[in-house]
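> model the following, please.
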Amino acid sequence: IFGAQIRKLGLKTLVTDSNDSVNDIMKTIVYLGKVLGKETEAERIVSEMKSRLDKIRSETADAPKKKVLLVVGRNPGTLEDIYVIGRNNYINELIEIAGGVNVVENTRLSIKITKEAILTLDPDVIIEINHEKLDRESEILGAWNTLTQSRAVRNGEIYILPSTVILHPSQTIVDGAQVLTDVLHPELKEKYGNNN
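Numbers count the residues shown, from 1 in each chain. Just a heads-up that it's a prediction; the model follows:
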């Protein structure tokens, strides 16, 4: 509907395939490069993305696979209406590239779970996405610290990432993979240095 309204204004629109996987994102970048007459630049961007992702994948290959719960939504101040990332998407791929495994086995993009389900899933690490520009660290940590039965909470493995780090399906996913690697395996930063 939105696209039709834009076309009525006389503006050109372009529809791309879905961005369900890292490969889809790269194909879209190349496609947009062709359409915009910037094919060489687009292919260079994709080549750099592949190179950096391969490097991260290589560095995390022998690291222990940490169990990750990635939270994309929650009622502020509570552990209610918790939405987490499932497996059939590029964000799950980034978790794997970074040396983690998603504890949520559902293939949907995201699902709603309870705090009791989190105890059953027993993640090593909980990462919550902050969608706001405000600093919500005390609210986020305060909410999670009430779940003292969780291994991630007991071990202080609660992390907050801005939405721009991994939720934008563009060339920035490489930076997202690096940030996830730094969270999951800080020991690799010392071993390999900065990958940027």
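> Asp135 falls within a helix, correct?
No. According to DSSP: H, G, I helix; E, B strand; the rest coil, Asp135 belongs to no helix; its state is coil.
> and it, how far is that from Leu141?
11 Å (CB to CB, to the nearest Å). All C-beta spots, glycine's among them, are computed from the backbone N, C-alpha and C.
> who has more neighbours out of these two?
Each of Asp135 and Leu141 has its neighbours counted (other CB atoms under 10 Å); Leu141 has more, 15 against 10.
> what's the closest non-adjacent residue to Val35?
Distances taken as CB to CB, 6 or more residues apart in numbering place Leu14 nearest to Val35, at 6.3 Å, with adjacent residues excluded.
> tell me how many other residues surround the one you found.
Residues near Leu14, counting by other CB under 10 Å: 9.
> can you check the pLDDT for Pro76?
You'll see Pro76 listed with a pLDDT of 89.
> so who does it touch?
Going by CB atoms under 8 Å, 6 or more residues apart in numbering, Pro76 touches 136, 139, 143.
> same deal with Pro64?
Contacts of Pro64 (CB under 8 Å, 6+ apart): Gly99.
> that one: what secondary structure?
Judged by three-state DSSP, the three-state class of Pro64 is coil.
> which residue ranges form the helices in this protein?
Using DSSP state H, the helices of the chain run over 2-8, 22-35, 39-60, 90-97, 115-121, 137-144, 151-154, 173-184, 186-192.
> and the shortest one, what does it pack onto?
Helices and strands touching helix 151-154, by 3 or more CB pairs under 8 Å, 6 or more residues apart in numbering; DSSP states H and E, are strand 125-130.
> now Ala42. Nearest residue, chain neighbours left out?
Leaving aside its chain neighbours, Ala42 sits nearest to Gly33 (2.3 Å; criterion: CB to CB, 6+ apart).
> what is the neighbour count of that neighbour?
There are 18 residues near Gly33, going by other CB under 10 Å.
> ok, now Gly73?
As a burial measure, Gly73 scores 13 neighbours (other CB under 10 Å).
> and if you look at Thr28?
Burial of Thr28 is recorded as 18 neighbouring residues (other CB under 10 Å).
> that one and Thr16 touch, don't they?
Yes. With contact defined as CB atoms under 8 Å, Thr28 counts as touching Thr16 (4.8 Å).
> looking at the helices of the chain, spot the one closest to Thr78.
Proximity to Thr78 (CB to CB) singles out helix 137-144 among those, at 6.2 Å.
> helices or strands up against that closest one?
Packing partners of helix 137-144 (3+ CB pairs under 8 Å, 6+ apart): strand 125-130, strand 158-162.
> skipping adjacent residues, who's closest to Thr164 in space?
Thr172 is the one closest to Thr164 (CB to CB, 6+ apart), at 7.2 Å.
> out of the helices and strands packed on helix 137-144, which one sits most buried?
Across those, averaging neighbours per residue (mean count of other CB atoms under 10 Å) puts strand 125-130 on top, at a mean of 22.
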